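A.B. asks: Build me a model:
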Amino acid sequence: MTKSIIKIGNKSVGSGKPVFFIAEIGVNHDNNYTQALELIDVASDSGADAVKLQLYYADNMWPRKSRSYAILKKLETNRAWLPDLIKYAETKGVILFSSPFDIDAINLVSNLKTPAIKWASSQIYDLPLLSFAAKKNIPMILATGACNLIDVDRAVKAVEEAGNEDLILMHCVSSYPTQPQDANLRVMDTLAKKFNCPVGFSDHTIGLDVPISAVARGASIIEKHYTLSRKLTGPDHGFAIEPNELKELISRIRDVEKSLGSPEKVFIDGAEDQEYIVRLFAKEDIGIGSKITREQIVVKRSNQGLLPYELESIIGSIVVKKIQADEPILKETLSIG
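C.D. replies: Okay, the predicted model is just below:
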């Protein structure tokens, strides 16, 4: 049984909690340690909750003749960096975790006690490896881009059978970049209803509108690739956002969070004082001792006076204080029997 609220480090993730923002470094460090540190700085300055790396060995991932192998072999994250990067991120107030793609990487992040594992949708079919990771009892963030609902169900069951209840599902589209019309944000509703766990959105669209819309639709986590500059060479720089955009995105997400407010329908503070609510007014002077009649009452906008639905309750009431024409009808001016 999955949980509705998940703890990732010192953050609570789920409905009603602040959106957990993952700034996805991926391979945009370009195998440069200093660049990785700079990216952590950017994430911290932008207000991100976490940064994420990818831990893979190209030799284990792609045939050597493939185009992906040629590109990504030279962008492998140096695993020896990880302890120092985690410590550096901590000094910057940012959580660092990874997407591990093999047993050694899973053991490494477990031994380093990273607070979450992000599971790539391309790996969702490798149930033995997924089960191995789930048994580490680290919160699992499971991407669902390269699969259908049956595949997601199979993966969720594998995580649950491994005894791991800390599961978050990420809707995403494994297209780089994704067109807005292909984002299908309503899938988040489907995932949340079927699996009863926190749901987020891993965004690969250009710009900021789609992830902001995902927050408005209830995403508990947003993940977005970022870069120091889109002018850098590499497979992921082109669709990533730059530092100023990352900061703007997180700021706008926080504004959207505030605007969602409460499901309770109430007057906002000060609304009662505004002159747009209709009230009962005297159509003519009404003297002391007079009985209120319908003909003496009109409806006008004001921040004072009885409300129109109260009219029937005051018909026939005795006026105890003179009411001038065009003045509101107040309870204290009437003796209501």
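A.B. asks: Could you pull out the strands in the stretch 1-150 of the chain for me?
C.D. replies: Secondary structure of the stretch 1-150 of the chain, counting by DSSP state E, counting those that start in this stretch: strands at 5-8, 11-14, 20-26, 50-55, 95-100, 117-119, 140-143.
A.B. asks: Which of those strands sits closest to Glu312?
C.D. replies: strand 11-14 (47.6 Å; CB to CB). (C-beta placed from N, C-alpha, C; glycine too.)
A.B. asks: buried stuff in the closest one?
C.D. replies: 11, 13-14 (16 or more other CB atoms under 10 Å).
A.B. asks: and Ser302, which of the strands of the stretch 1-150 of the chain is closest to it?
C.D. replies: When these are compared (using CB to CB), the closest one is strand 11-14, at 44.0 Å.
A.B. asks: Tell me the helices and strands packed up against that closest one.
C.D. replies: strand 5-8 (3 or more CB pairs under 8 Å, 6 or more residues apart in numbering; DSSP states H and E).
A.B. asks: distance between the strand it packs on and the chain's centre?
C.D. replies: 14 Å (CA atoms, centre = their mean, to the nearest Å).
A.B. asks: Enumerate the positions of it that are buried.
C.D. replies: For strand 5-8, using 16+ other CB under 10 Å, the buried residues are 6, 8.
A.B. asks: mind giving me JSON lines with the strands of the stretch 1-150 of the chain and columns for mean pLDDT and distance to Pro198?
C.D. replies: Listed next are these as JSON lines, based on pLDDT from 0 to 100; distance: least, CB to CB, whole Å:
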{"stretch": "strand 5-8", "mean pLDDT": "96", "distance to Pro198": "6"}
{"stretch": "strand 11-14", "mean pLDDT": "96", "distance to Pro198": "4"}
{"stretch": "strand 20-26", "mean pLDDT": "97", "distance to Pro198": "9"}
{"stretch": "strand 50-55", "mean pLDDT": "98", "distance to Pro198": "14"}
{"stretch": "strand 95-100", "mean pLDDT": "98", "distance to Pro198": "16"}
{"stretch": "strand 117-119", "mean pLDDT": "98", "distance to Pro198": "14"}
{"stretch": "strand 140-143", "mean pLDDT": "97", "distance to Pro198": "9"}
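A.B. asks: nearest to Lys87, of those strands?
C.D. replies: Ranking the strands of the stretch 1-150 of the chain by proximity to Lys87 (CB to CB) places strand 95-100 first, at 9.0 Å.
A.B. asks: contacting residues around that closest one?
C.D. replies: 8-9, 11, 40, 49-56, 77, 82, 85-86, 89-90, 105-106, 108-109, 114-120, 133 (CB atoms under 8 Å, 6 or more residues apart in numbering).
A.B. asks: go again using 7 Å as the cut-off
C.D. replies: Outside strand 95-100, the residues within contact range by CB atoms under 7 Å, 6 or more residues apart in numbering are 8-9, 49-55, 85-86, 89, 106, 109, 114-120, 133.
A.B. asks: Next: stretch 230-237.
C.D. replies: 26-28, 30, 71, 75, 225, 227, 238, 240, 242.
A.B. asks: Buried residues of the worst-scoring helix or strand of the chain on mean pLDDT, list them for me.
C.D. replies: Using mean pLDDT, DSSP states H and E, helix 67-72 stands out as the lowest-scoring helix or strand of the chain, at a mean of 91. Residues of helix 67-72 classed as buried under the neighbour-count rule (16+ other CB under 10 Å) are Leu72.
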